[in-house]
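Trainee: need the 3D shape of this:
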Amino acid sequence: MPRRLHLVALSLPLVLGAACGDAVSPDGGEGEGEGEGEGEGEGEGEGEGEGECALAPRCDDVAPPVVATRDWQHTSSSLTAALGGARHRGRDLLLAPGDEAWALARFAYGGLDDDIADEDVEVFLRTGCTGDWTSLGPVRTTDDGEHETIHGVEDSGGRVYLRLPELPVGRHRVHFVVAGDGTTADQFIDVIAPGTRYFVTDIDGTLTTTENEEFTALLTGNLPDARPSAAAALTALARRGVQPVYLTARPEWLDERTRAFLDENGFPPGVMHTTLTLTGATGDAAATYKTAELAALSSSSGTALFGFGNKDSDSTAYAAAGIPLDHRYFVEFSDPLGGVRIDDWADVITDAADVTLDCP
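Mentor: Numbering: from 1, shown residues only. Reported below is the predicted structural model:
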């Protein structure tokens, strides 16, 4: 059963504009609740079977610290927070050992995505998703253009940039808490060893049952349904040692709902990227965005081995990234460049069994 999320007011022009993209949604809240998605039960604490790799941890076995709220720095921030639900979001990173690691997030509210500047955000780090949380202290949110671009994230205001200590190979979680009201965001950082393989998958129409299902889901406050066997197929690849990367041209403010969709439908843990825009991208713009994202990912120590999509923009991006033609899968879409059409994700489960086992 789809999970119901809190709806907030959203201006009609914004809804209609985003409807032409990958998807739109309401703000969504904090992502708590039950899910009954496919692949339920995968995650932290579950070991691998014989001849399988362990999945990356979900990093949710130890709750983040609770922070006592305190007065806002600016009255205008309290007014912004009162406009609508929080739409905060962290920016995931896929890094090579020795790369600069940064805590990156944006803090905004309501249907117009208004950010808060010069406000305290408490930052916590859980290295390796083991042990206790480490407090990194309060950091002030930025005003527009105040900070230099880091890992492709331009300062559009309301952002946190904090250099982290060097992180070891593994999965790490950064948790952010707005001091003024206790609302939160999360970021995941995967540091991968040289030679690590990863798959890249689109979300709308590829993992969801239709291209615009997220748009219709916002009208009811539910999350979209996942395609049958999609989570099981990608889990099978992750069990062969292929790292998950979720790449969508959705707008940035859909971060929380996108994470909730992946988690509640049992998709294997991995980094997730949206665009950094308010409206997302479609057509040629989506192809340009995804091509640039994959080029940036190639600077990590990993290799893009599989690509999954359902549109020309995915085909263009995967070809530019050099993903092998027979490892480009397209759901209910005949790729003009010759990739593999699938009408049933179960076919990928069969193919995954032939992938050489190489655990990170």
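
Trainee: how about the helices of the stretch 151-300 of the chain, start to end?
Mentor: 213-220, 230-238, 255-264, 283-297 (DSSP state H, counting those that start in this stretch).

Trainee: go through these and name the closest to Val174.
Mentor: Closest to Val174 of those, according to Cβ to Cβ: helix 255-264, at 13.5 Å. For every residue, glycine as well, the C-beta is placed using N, CA and C.

Trainee: how far does that closest one sit from the chain's center?
Mentor: How far helix 255-264 lies from its chain's middle: 8 Å, per Cα atoms, centre = their mean, to the nearest Å.

Trainee: stretch 299-319: end-to-end distance?
Mentor: 17 Å (Cα to Cα, to the nearest Å).

Trainee: buried ones in that stretch?
Mentor: For stretch 299-319, a neighbour-count test (16 or more other Cβ atoms under 10 Å) marks 300-319 as buried.

Trainee: got it, and stretch 262-276?
Mentor: Residues of stretch 262-276 classed as buried by neighbour count (16+ other Cβ under 10 Å): 262-275.

Trainee: before we move on, back to that, got the helices of the stretch 151-300 of the chain as JSON lines, with mean pLDDT columns?
Mentor: Shown next, in JSON lines, are the helices of the stretch 151-300 of the chain (pLDDT from 0 to 100):
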{"stretch": "helix 213-220", "mean pLDDT": "89"}
{"stretch": "helix 230-238", "mean pLDDT": "98"}
{"stretch": "helix 255-264", "mean pLDDT": "97"}
{"stretch": "helix 283-297", "mean pLDDT": "96"}
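
Trainee: that older thread, looking at the buried residues of stretch 262-276, which one is closest to Arg163?
Mentor: Nearest to Arg163, judged by Cβ to Cβ, of these is Val271 at 18.9 Å.

Trainee: kindly list the main-chain dihedrals of the residue lying closest to that closest one once chain neighbours are set aside?
Mentor: In space, and not counting its chain neighbours, Val271 is closest to Asp92: 3.9 Å by Cβ to Cβ, 6 or more residues apart in numbering. Backbone torsions for Asp92, taken as degrees, to the nearest 10, come to phi -70, psi 160.

Trainee: swap in Arg58?
Mentor: The phi/psi pair for Arg58 (degrees, to the nearest 10) reads phi -80, psi -20.

Trainee: you'd agree it is up against Pro269?
Mentor: Yes: with contacts counted by Cβ atoms under 8 Å, Arg58 reaches Pro269, the gap being 5.3 Å.

Trainee: do you know how far the nearest residue to Tyr246 once chain neighbours are set aside is from Tyr289?
Mentor: Distance criterion Cβ to Cβ, 6+ apart; nearest residue to Tyr246, sequence neighbours excluded, is Met272 at 4.1 Å. Computed as Cβ to Cβ, to the nearest Å, the Met272 to Tyr289 distance reads 14 Å.

Trainee: again, but for Gly307
Mentor: 15 Å.

Trainee: can you check Pro57 too?
Mentor: Pro57 sits 29 Å away from Tyr289, going by Cβ to Cβ.

Trainee: pick out whichever of the two has more residues nearby.
Mentor: Between Pro57 and Tyr289, counted using other Cβ atoms under 10 Å, Tyr289 has the larger neighbour count: 23 against 20.

Trainee: burial check on the nearest residue to that one once chain neighbours are set aside, number of neighbours?
Mentor: Spatially, and ignoring its direct neighbours in sequence, Tyr289 is nearest to Ala281 (4.8 Å; Cβ to Cβ, 6+ apart). For Ala281, the number of neighbouring residues by other Cβ under 10 Å comes to 21.

Trainee: thinking again about what came up before, residues contacting the residue nearest to Val271?
Mentor: Taking Cβ atoms under 8 Å, 6 or more residues apart in numbering, we find Asp92 in contact with Gln187, Phe188, Ile189, Asp190, Val271, Met272, His273.

Trainee: got the contact list for the nearest residue to the last one once chain neighbours are set aside?
Mentor: Using Cβ to Cβ, 6+ apart and skipping the chain neighbours, the partner closest in space to His273 is Leu247 (5.4 Å). For Leu247, the contacting residues are Val200, Thr201, Asp202, Met272, His273, Lys290, Glu293, Leu294, by Cβ under 8 Å, 6+ apart.
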